[in-house]
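**Q** next one to model:
(one chain, ligands or ions: 1)
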Amino acid sequence: MAISPPTNRLWWKDPIHGIELFWIVIAFLWGLFMFFFMIAWHFIGQQNLSNETYKVQPSAYVERVDAFAEEFQVVDAAGKPVEEDGVPVVRPPAGGDAYIVARLWEFWPILELKKGESYRIHLSSADWQHGFSLQPTNINISIHPGYEHIITLTPTESGTFGIVCNEFCGVGHHTMTGRVRVVD
Ligand code: CUA
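**A** Have a look, this model is predicted:
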């Protein structure tokens, strides 16, 4: 009882009770097991995203995204660059690198990927912390300025996928969306 003072005031010098030691050992071993099982989740867990992360200067990252968009922007039959709502549509090379920058309050540019091809999708923020949630798939990570995440993925379905920012980032947060198109 904690209400009354302990009769033995040097209670912490008592030898530990067997049953308590037993549970401490179990909890410790379970902790170790769960720690090393993280490696197994990498292979058998559907919910864990495997990605690489590097440090990057936000301004340097934006420069790379701009150069990427300029090089691979889709042009129509008349040779005019294709945009949707003022955001360029960019078709990265199959098997290559693709870049998206998150910033107040947009995901830029719109990617057009080919089904069955694998891509390295680079993600970073130009300004603030944002969330990257690719709907309706289970791809969901935080995006921080200064860190570049690379997700290797192979789209298995064609269609238009929405990107939603799911970390509160200011008054325009609820308008911060983007798109990834997958074509056959
Ligand atoms: Cu970006 Cu919320």
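
**Q** contacts and neighbour counts: CA atoms only from here.
**A** Fine.

**Q** centroid-nearest residue for the chain?
**A** With distances taken as CA atoms, centre = their mean, the residue of the chain nearest its centroid is residue 141 (2.4 Å).

**Q** can you tell me the SS state at the closest residue in space to that residue that isn't next to it in sequence?
**A** Leaving aside its sequence neighbours, residue 141 sits nearest to residue 132 (CA to CA, 6 or more residues apart in numbering; 5.3 Å). Of the three states, residue 132 takes strand under DSSP: H, G, I helix; E, B strand; the rest coil.

**Q** so who does residue 132 touch?
**A** 139-143, 163-166 (CA atoms under 8 Å, 6 or more residues apart in numbering).

**Q** point out the residues in the protein that sit beside the ligand.
**A** For the chain, the contact set with the ligand under CA under 6 Å from any ligand atom comprises 105, 130, 165-169, 173, 176.

**Q** between the contacts of residue 132, which is closest to the ligand?
**A** Using CA to the nearest ligand atom, residue 165 comes nearest to the ligand of the contacts of residue 132, at 4.5 Å.

**Q** what strands line up against the helix-or-strand element of the chain with minimal mean pLDDT, and which way round?
**A** The helix or strand of the chain with the poorest confidence is strand 83-84; it has a mean of 88 (mean pLDDT, DSSP states H and E). Strand partners for strand 83-84, identified by DSSP bridges, are recorded as strand 87-90 (antiparallel).

**Q** after the top helix by length along the chain, which helix or strand is next?
**A** Looking across the chain with DSSP state H, the single longest helix is helix 18-44. Following helix 18-44 in sequence order, the next helix or strand is strand 51-55 (DSSP states H and E).

**Q** sorry, back to before: contact partners for the residue nearest to the centre of the chain?
**A** Residues near residue 141 by CA under 8 Å, 6+ apart: 131-133.

**Q** now with 10 Å?
**A** 49, 51, 123, 130-134, 149, 165-167 (CA atoms under 10 Å, 6 or more residues apart in numbering).
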